Every structure is written in C-alpha cells, then in structure tokens.
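Engineer: What would the 3D arrangement of this be:
(chains A and B)
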Amino acid sequence: MDLYADNILDHARHPHRKSPLPSPTVEHEERNASCGDTLTLQLTIEDGRVTDVGWAGDGCAISQAGMSLLSDELTGKTERELEALTKTDVLGLLGVDVGPRRLKCALLSLHALKNALHRWKKEPEQGWNETMG
Amino acid sequence: MIHARMSFDVSAIRRQFPLLSETADGRPPVYLDNAATTQKPRAMLDAMQSFYEHDNANPHRGMHILAERATDAYEGAREAVAGFLNAATPEEIVFTKNATESINIVARGLGAAWKKGDAVILTRLEHHSNVVPWLILKEEKGIELRWVDMDKDGHLDLSSLDSLLTDGNAKLVTVTALSNVLGIRPPLEEITRRAHAAGAPVLLDAAQSVAHHPTDVQALDCDFLAFSAHKLYGPTGIGILYGKASPLSRLPPLLGGGMMIKEVCEERYVPADIPARFEGGTPPVAEAVGFAAAIRWLGQYAWKDIEAHERKLLALAQKELLTVPGLTILGPQDVTERSGSLSFTVDGIHPHDLTHLLGERGICLRAGQHCTEPLHRHLKLMATTRLSVALYNTEEEIRAVAPAIREIQKQLRGK
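Structural biologist: As a prediction, this is how the structure comes out:
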C-alpha cells in the first residue's frame, strides 16, 4: 500500500496525544541525525502501568504519524507489555509498506519508547541496531 | 600541452552516461543529487573494466610484467591528479579512501604534536568530515575549535578570522572551498593569505568544488587540500590528499602496514617518504585508473563552458522554485555567488516527505542535514532539501521540479 496512505496523512496532520503532560514519570528525546526528525516522549507510570502519554516532536509525516499511532496503544500497558513491543508491531500499526529507506523514520517512535523505558529503569540506552531488530 | 576542447553539447554528454539513459516507468531519472555523488561516464567505467581485464596486479610489489603495468597505471593516475590540481610534483598527491580519510590524515598527523591551548579555526559551512576530526582532537588533547563568524547566507566575516588568529595559538585554518548546502564559495586566497601571515597553515576541503571550478593548488597557496573522486565523475573508494611537499613530509603516517615503510625491525620502523608513507596496504588501483580516466574525460570540456552551463541551471532553478508558495531558498540570493547546490525549505512539508514523493516522480533530490548539523543548528533549521547540478543536467530537468513540488503540496495538504 502507498506509504502516504490517508491514514498516515491523517495522523501526520492531526496527531494524537501530541501535548505535554503536567508531571510525567519519565521523558525521553530521540533524534534521527540523518534527517533531523525529533520526538520527545513522556509517560506517566503508576504501579508499573502507563496511565498517560504525551509527546512533542517535529519531522517527516512518517515519523510523526508513527508516534501518533503508537501513542494510542500505550495507555494501560504494563512495563512487560511495553518491553514486548517490536518493530513488527509498529509497522503493523502503520499498515503500509515502509521499505528500507524510511524504516528509521517509522521506528523513531519505538526507539523513543524503548529508551524512555530504559531511562525510567536507569538502564543504559539501546542502540538503533537493537530497535531495528 | 594544449588540448582541443570538445564543444559543449549537453545531449552528447548525457549519452555518455549509461545510468542517465536507464528508464523507470518509461522515464529517465532526473538526477539532481550531484553534490552527494555524480553519475559515471562510459569512459571511466571502461577504463576500470579494462584495467581488471588486462593489467591487474599489485603495484610496486612484483618484478613481473603485470606488476609493472599495474604500477605504471597507478603512478600514471597520480600524475593525472597532479596535473588536474597543478601540483608542483606527483609526490604531493596521496591516494586515500576519500576526502574524509584525507582530512583525518592531516588531523591525526598535525594533532599528534598539539597540546591544550592550541586551536583550529574552521567555519560553520563545514561538512561533518571537516568538523568531527577536530572534535576528536578536542576530546583527546583539549584543543580549542574556533568558528569564524558569518551571516545567514554564509558570507564569512574575515575580521572575525583575523581576531581568531591574533593570539598565535591557531595551528591550522581549515575551510570548505564550496558549501554543500548554501552553495557559497569562501574567499580562499584571501583566507590563506591572512592565515599564513599569522603563521597558520591552511587545509581546504575541495570535495564540493572540484567538479564545478578549476582548482590550482599553487595559485591557492594552500598547504593541504582534500577531495573524493566520486564527486568528480570518478569511482567511489578513492580520494586524494594534496600536501605541499614540506608540510606533508613532516606528518606521521595514519595507517601502519605494507609499503608505507622504509625499514621494519623487531624494535622499530622507519616510515617511507611521501606519498607512500600514507598509503599503507594494497591501494585502490582500478579506482585510481578510473579516477584518472574521469579527469581526462572531464578535461575534454572547457571550464568556462561547464561554469556557464551550471550557472544557467542554478539561475533557472532559483527563478522556478521561487514561484512555489511557501518555498524559501537558503544562501546567497545573488545567483552569481552560487555554485553546485541550492537548498530550500517548503513551509509545512518535511524534506523527507518532499524528496520521497519527488522520488516517486523520478526526481532525485537530497533531504536532511547533508552532514552539516552545526550549520543547520546555526540557521535554526531542522532539515532542508537540496538540488545540486552537474554538467549533464538540462533546463528541462530543472523545469520539472517546481510543478512536482506544487503537486506534492496538494497531495500532502489534502484537497
């Protein structure tokens, strides 16, 4: 399916949950150095479960739509469920053929999520190779 | 030697580039990403193929006839590059992997003797290849990076250069010969004159300029100069470091290995003279042959014809693009100050989306930060789109861009 499908463009034009949280438990910024996309993801985590999600960012339609789609999935998820999210899940949310050139754009949201979790757990950040799996 | 110049006929030139006649969906590509790499003429491809088919051996490493031919081919290529740059002798040309390695040879070589308090002067126009080697030295040695002031179009403030030079701590001035984003050409001879007056040697990153303007290292009076062959219609995997014989001879080698030595004992080694000192390991011989073939091929055309053709293309691109609503062109607006590249932003459209969708229409432009993050930060830009020309581009190709961008604006905005 066309990368610039209506669903993607809708999310890029009207992103979900793209507003700051008043007091997030954890906040993490990721940048895609080759193209300048940025995403800052905020999570409120209570009793090991996500209770609120907010984000800010700037970048191409694919990176921003990816974050918008993923942010809808996070509320209510446990730490373990978040850790289990993979590249395949995010590509499934996008539902289009991303192709190798735009893979990093598509997965910037997942990369931000994984490293937000690592930050919360005071673990070292993971590299792109791990996120790209 | 006086060469008869070929008349400048763009369609005849295009026919010599196999990739430019390939078609996708019945259309040949509109390739306007030449600042990233150029396409390759048949003469260059044939020369590399012929080397492998008839002359292949390891140069400087055998007494047999093929080794001799390979050595002649390799050293002949060095002479061709020396001629292209008007270097005083071929020994001043070191073959490297690319401009990045060339700059690293200078950085590691000069930097070996630097200490805290020493400084390098550079500009915000530099590509990461001429920023990161100095940042590595900053981390390792505590040297200082000093940035020459400039205006938003990339005009350098030479009085700022003078003030950065006054304390005498600057051990090098390094500057691009042509910005890969703004398309502006710093005043190299003036910069070199001022640096030398303050006792600082000069390194020029000529990666972007070599395909667009003649390069005369003796007229420039630079101490070092770097570029890659693939931006000059040659192959990837090979570039050069030019160094004046005397400063080059004082640099230690970057890579240790075969053929870069005079003598090796169990306890010590003596490095070879220039240029072999910097060419450890089997060099890219076929690439050197292709590099020389590209130089000879380009030499058929007069620089004034190439410059006039590319200036016409960039002037047309600027005129056409400015008709697109919300489009802003970066760098000097006076087209006579521009060369090679033209970068722009379009309100509300990320360059990634724009170039992806242009790509679907067969139009190849580059998007992103073009390995110039300090410049983008300085201009407060996240990313830009770049159109860059070569001698084979046509006015028709340039005219295809603005209408395609307008279509994409409609597509992305919906309705």
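
Engineer: What average pLDDT does the helix or strand harbouring residue B:295 get?
Structural biologist: For residue B:295, the element it lies in under DSSP states H and E is helix B:285-298. Regarding helix B:285-298, the rounded mean pLDDT is 98.

Engineer: what's the closest non-adjacent residue to the one residue sitting closest to the centre of chain B?
Structural biologist: Centre of chain B computed as the mean C-alpha position; nearest residue by Cα atoms, centre = their mean is residue B:207, 1.1 Å away. Using Cβ to Cβ, 6 or more residues apart in numbering or on different chains and skipping residues adjacent in sequence, the residue nearest residue B:207 is residue B:99, 4.3 Å away. Placement of C-beta: from N, CA and C, glycine included.

Engineer: quick one: contacts for the one you found?
Structural biologist: Residue B:99 makes contacts with B:129, B:205-207, B:226-228, B:239, as judged by Cβ atoms under 8 Å, 6 or more residues apart in numbering or on different chains.

Engineer: Let's see that with 10 Å instead.
Structural biologist: The neighbourhood of residue B:99, defined by Cβ atoms under 10 Å, 6 or more residues apart in numbering or on different chains, consists of B:127, B:129-130, B:205-208, B:210, B:225-231, B:239-241.

Engineer: Of those residues, which belong to strands?
Structural biologist: With DSSP state E as the criterion, strands contain B:205, B:225-228, B:239-241 from among the contacts of residue B:99.

Engineer: can I get the residues you listed in CSV with neighbour count, distance to residue A:16 and pLDDT?
Structural biologist: Output for these, formatted as CSV (neighbours: other Cβ atoms under 10 Å in any protein chain shown; distance: Cβ to Cβ, whole Å; pLDDT from 0 to 100):
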residue, neighbour count, distance to residue A:16, pLDDT
B:205, 26, 45, 98
B:225, 30, 52, 98
B:226, 29, 48, 98
B:227, 27, 48, 98
B:228, 27, 45, 98
B:239, 28, 47, 98
B:240, 31, 52, 98
B:241, 28, 52, 98
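
Engineer: Just give me the closest of these to chain A.
Structural biologist: Distance ranking of the ones in strands among the contacts of residue B:99 against chain A, using Cβ to the nearest Cβ, places residue B:228 first at 19.0 Å.

Engineer: Tell me who's in contact with that closest one.
Structural biologist: B:37, B:96-102, B:129, B:206-208, B:210, B:234-240, B:291.

Engineer: tell me the phi and psi of the nearest residue to residue B:153 once chain neighbours are set aside?
Structural biologist: For residue B:153, the nearest residue in space outside its immediate sequence neighbours is residue B:332; the separation is 4.7 Å by Cβ to Cβ, 6+ apart. Phi and psi for residue B:332, reported as degrees, to the nearest 10, are phi -60, psi 130.

Engineer: And the helices in chain A?
Structural biologist: For chain A, the helices defined by DSSP state H occupy A:6-13, A:61-74, A:79-84, A:87-94, A:103-120, A:128-132.

Engineer: does chain B sit close to the shortest one?
Structural biologist: Yep, that's helix A:128-132 we're talking about. No - Helix A:128-132 stays out of contact with chain B when judged by Cβ under 10 Å from any Cβ of the partner chain, the minimum separation being 15.8 Å.

Engineer: List only those of the contacts of residue B:228 flagged as buried.
Structural biologist: With neighbours counted by 16 or more other Cβ atoms under 10 Å in any protein chain shown, the contacts of residue B:228 contain buried members at B:37, B:96-102, B:129, B:206-208, B:210, B:234-240, B:291.

Engineer: Could you give the number of residues near residue 65?
Structural biologist: Because you didn't say which chain, this covers chain A. Counted with other Cβ atoms under 10 Å in any protein chain shown, residues neighbouring residue A:65 total 27.

Engineer: Oops, wrong one, chain B.
Structural biologist: Residue B:65 - counted by other Cβ under 10 Å - has 10 other residues nearby.

Engineer: Likewise for residue B:20?
Structural biologist: Other residues near residue B:20 come to 20 when the count uses other Cβ under 10 Å.

Engineer: element containing it, please.
Structural biologist: Residue B:20 belongs to helix B:18-21 when elements are defined using DSSP H and E.

Engineer: And for residue B:94?
Structural biologist: Counting by DSSP H and E, the element that carries residue B:94 is strand B:93-96.

Engineer: distance between that strand and the chain's centre?
Structural biologist: Averaging C-alpha coordinates over strand B:93-96 and over its chain gives two centres that are 14 Å apart (Cα atoms, centre = their mean, to the nearest Å).
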